[in-house]
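Student: here is my input, please return the structure:
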Amino acid sequence: MRIPTPLLAFAVVVGLFGLPGVMAGPASAAGDPRQQAVALAVEAGIAVEVVPSALGIVEAGGDLTVSVVVANRTSETLAPGTATLYLDRSPVDGRNALSRWLRGDTDGDGALADRGESVGTVAAPELFPGESRALPPIVVAAESLGFDDESEFGARRLSVVLAAGDAHVEGRSSITVDPGPPTVTAPTTDPPIETAPRFEATALSIAAPIALPSSPEGTIPSAMLETYTAPGGLLSRQLDQALGRPVALGVDPRIIASIRLLGDSAPESATQWLARLASAPNETFALSYADTDIAATSQAGGGVLAPTGIPIDPDLFTAEGEVQEEASPGPTPSATPAVPETPTLESLLAWNYTTTGIAWPRDGSVVASDLEAFAAAGLTTTILTSSNATSPEAEPNPGAAATISEHEALTSDRVISTLLREAVEAPSTMAWESAMARLASSLATLSVEDAGRSGPVLATLGRDEALGGFRLSETIAALDSLEWSTPAPLEAARAASPVERVVVDSPVGAEQIARLEAMLGSERAIVDFATITDDPTVLTEERRLSLLALASQSWTPSDPNWAAAVETYLAESAEILSSVRVETGTITQWSDSGPLPITISNALGIPVTVFVTVESSTAILDVRASSVKVTIAPNSQNRASIPVESVANGKVVITIYLQSEAGVPISQPTQAEITVQAGWETAATTVLAALILAVFVLGILRTIRRRRRPAAEGAAHE
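Tutor: The predicted structure follows:
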């Protein structure tokens, strides 16, 4: 289905600005037109972004400055109008209420949240289709705000309603009122008066992936690594943003292995990047190889996949120095060059991670049985989103540490993670400021609501943010400036007292599972097929690496490019499986007994050995050997001679089977028709013998006649 251009453009605005509330037509006495807000948002195609200054923090006696951006993504001109700023001075009642407000939802009872009262208005100009414009800032003086040092700390609802012609559009945000520390009015009393703290700073752990865009390659080519690790390259920017900051880095081992695999030919920028990663003070842990979607492979029956090997070119590794041999009687001791040490799979993947055993599946993709598969692979702690695992009613917002059916888990806070991601991937400074205001107020609400929690809260960045969100550094700097948020190591979250949770099954889509099952089945067939080679890893290692790359979280399951890449993988595997086969043709068996020639072709670049078995459909042809071993050189053919005996003339259908030495069937059985000429060899021999005898007899007779001829002639003369 083709998406109309205005709708598509509005989707972009929603991605940048968040979903606005939309009202069609002026307010009526029959009810608040905001009841239609979300339903008409996409139809309207108009977005209002609300951007409070100073991260949305309002101190006692301070002013409030709000910028407004209006975008018209419809196909019609938006009439001029007014933008009115509304503020609800009452603290938001909990983080769930704030989350619903920011999403544009209703309150829990179905009623629309109170937007408060009007505190400012600014004119909005006419906007042509596709045009967006920042309106003059709305400044609300401290006297009008009324926040002082007695005000309650916490978040407040903020919104802007644009009235332009028949359109009424609402953009939502929030601010944080920070009146400062409470005042102690009687410091000399005995005992001293203890005042309750405004909040307990929320300890926040952040995890971010070091990953790459989707690619079908099991190892990253040199040219691509050079691009990614060059100044301004993707991997360089990821490391620049996170290096030395309180962020735990989940690293794709494929990156490390691919750089090491190149040996002396590795780009200098790649080796320098690897050295920077090694020296980083950040917490680190390993993602699955190629950042595979481990929940999907688990549900497809493959468990947690890992490389079985990586093809290594030993010529890329040179020896350092020389190895001195023992002194010989000669004038100088002999020396031989050092033998280069070719890496192994283990040495290519080895890394000094600060923590191990962490599974990080795709957000919202886990079912309860996956935890068993993760644990079987040595992944004892699973990072889940809070929407994928529930906690008891008595503890609606516990810390990240959790226990799920005796499995350890870290639950990332869905709301905080979403707001953090919006900030990190903000496309503009104003979009970043807007996201940070919402994040700051959400953390403020969390610090008030969840004082005394069991451990740090966990927020995660998704794979999309790793590939394109490069405001991580400034986002973390802004978080550090908040009094109600403090950084915490991932290990602190992991070591905290866990809360019992239950997995909310969120299975992977059926289409994605079907494709993964097809690839896994194809790989199993290659493993069986490879038993005809002296070194099966030549075939199996590459197939596994490609499978891991295609199972990466960097692929979007609905992306047609992924579907095409999977089809290519399956076609390549099918080509390998059909590369060794029986070449059929017309076969005539001329003798009663003897070898039956069966031609086998090998299209692979390596030699293979198969065992050929022939079965006859009738008793006319008796196969005298159960199987015959034959080796076929690379890209060539060879014949297997099958001893048979024929007992009659006729047509015989034979079935030819190929097997490896391990008894694994190779390719499909092949049928061929043979013409049998039983006894023809004996008859031919008899005829030939008779002919030879006749020739011999004729020769004798001819000799006799020659000898008699002179005698007869002499008698005639007499």
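
Student: residue contacts, the residue nearest the centre of the chain?
Tutor: For the chain, the residue nearest the mean C-alpha position is residue 553 (1.7 Å; CA atoms, centre = their mean). Going by CB atoms under 8 Å, 6 or more residues apart in numbering, residue 553 touches 211, 291-293, 362, 463. Using the backbone N, CA and C atoms, a C-beta is placed for each residue, glycine as well.

Student: can you read off the pLDDT for it?
Tutor: The model reports residue 553 with a pLDDT of 96.

Student: kindly list the main-chain dihedrals of it?
Tutor: Residue 553 has phi and psi values of phi -70, psi -10 when expressed as degrees, to the nearest 10.

Student: next one: residue 550
Tutor: phi -80, psi -20.

Student: that one - how many residues pack around it?
Tutor: Residue 550 is flanked by 24 other residues according to other CB atoms under 10 Å.

Student: my read is that it contacts residue 562, right?
Tutor: Yes - applying CB atoms under 8 Å as the test, residue 550 and residue 562 come out as touching, 7.4 Å apart.

Student: out of the contacts of residue 553, who has the most neighbours?
Tutor: Ranking the contacts of residue 553 using other CB under 10 Å puts residue 291 first, with 29 neighbours.

Student: show me the contacts for that one.
Tutor: 209, 211, 252, 254, 463, 552-554.

Student: which of those residues sit farthest apart?
Tutor: Using CB to CB, the contacts of residue 291 reach their maximum pairwise distance at 254 and 463, which is 13.7 Å.

Student: tell me the domain ranges of this protein?
Tutor: What automatic domain parsing lists as the domains of the chain is 5-178, 202-311+345-503, 510-549+558-576, 580-678, 685-718.

Student: just the terminal-to-terminal distance for the second one.
Tutor: Translated: domain 202-311+345-503. In domain 202-311+345-503, first residue to last residue: 25 Å (CA to CA, to the nearest Å).

Student: helices - which of the contacts of residue 553 land there?
Tutor: residue 463 (DSSP state H).

Student: out of the contacts of residue 553, which is nearest to residue 541?
Tutor: Distances from residue 541 to the contacts of residue 553, taken by CB to CB, are shortest for residue 292, at 15.9 Å.

Student: the closest one contacts residue 552, doesn't it?
Tutor: Yes - the pair residue 292 and residue 552 passes the contact test of CB under 8 Å, sitting 5.7 Å apart.

Student: tell me the bridge partners for residue 175.
Tutor: residue 156 (DSSP bridges).

Student: give the contact list for it.
Tutor: Per CB under 8 Å, 6+ apart, neighbours of residue 175: 52, 56-58, 64, 87, 155-156, 158, 437, 441.

Student: out of the domains of the chain, deepest packed?
Tutor: Per residue and on average, the most neighbours among the domains of the chain fall to domain 202-311+345-503, with a mean of 20 (mean count of other CB atoms under 10 Å).

Student: quick one on the thing from earlier: widest-spaced pair of the contacts of residue 175?
Tutor: Of all pairs in the contacts of residue 175, the most separated under CB to CB is 57 and 87 at 14.4 Å.

Student: hmm, back to that, out of the contacts of residue 175, list just those in strands.
Tutor: 52, 57-58, 64, 87, 155-156, 158 (DSSP state E).

Student: which one of the residues you listed is nearest to residue 299?
Tutor: Using CB to CB, the ones in strands among the contacts of residue 175 come closest to residue 299 at residue 155, 38.8 Å.

Student: residue 145 contacts residue 58, correct?
Tutor: Yes - under the criterion of CB under 8 Å, residue 145 makes contact with residue 58 at 6.7 Å.

Student: give the residues shared as contacts by the two.
Tutor: Shared contacts of residue 145 and residue 58, counting by CB under 8 Å, 6+ apart, come down to residue 64.

Student: just the ones of the contacts of residue 553 in strands?
Tutor: Short answer: those have none in strands (DSSP E).

Student: where do the helices sit along the stretch 301-450 of the chain?
Tutor: 345-349, 370-376, 414-424, 429-449 (DSSP state H, counting those that start in this stretch).

Student: hang on, the earlier thing: and which of the contacts of residue 291 is nearest residue 281?
Tutor: Among the contacts of residue 291, and counting by CB to CB, the member closest to residue 281 is residue 209, at 18.2 Å.

Student: next, give phi and psi for the closest one.
Tutor: phi -90, psi 150.

Student: what's the distance between it and residue 238?
Tutor: 9 Å (CB to CB, to the nearest Å).

Student: quick check: neighbours shared by those two?
Tutor: What both residue 209 and residue 238 touch, as defined by CB under 8 Å, 6+ apart, is the set residue 466.

Student: ok, back up a step: out of the contacts of residue 553, who's nearest residue 545?
Tutor: residue 292 (11.0 Å).

Student: setting aside sequence neighbours, what's the nearest residue to that closest one?
Tutor: Leaving aside its chain neighbours, residue 292 sits nearest to residue 551 (4.4 Å; criterion: CB to CB, 6 or more residues apart in numbering).

Student: over to residue 619?
Tutor: Going by CB to CB, 6+ apart, residue 619 has residue 647 as its nearest residue, at 6.8 Å.

Student: pretty sure that neighbour sits against residue 618.
Tutor: No - the pair residue 647 / residue 618 is not scored as a contact, 9.8 Å apart, by CB under 8 Å.

Student: for the stretch 1-150 of the chain, which segments count as strands?
Tutor: All strands of the stretch 1-150 of the chain, identified by DSSP state E, counting those that start in this stretch, fall at 21-24, 46-52, 57-59, 64-72, 81-88, 117-124, 132-140.

Student: repeat that for the stretch 601-718 of the chain.
Tutor: 608-616, 621-623, 628-632, 636-646, 650-659, 665-676.

Student: of all those, which one is nearest residue 72?
Tutor: Using CB to CB, the nearest of the strands of the stretch 601-718 of the chain to residue 72 is strand 665-676, at 62.5 Å.

Student: so that closest one versus strand 608-616, what angle?
Tutor: 40 degrees (axes from the mean of the first three to the mean of the last three CA atoms, to 10 degrees).

Student: quick check: angle from strand 665-676 to strand 650-659?
Tutor: Going by the same axes, to 10 degrees, strand 665-676 makes 160 degrees with strand 650-659.
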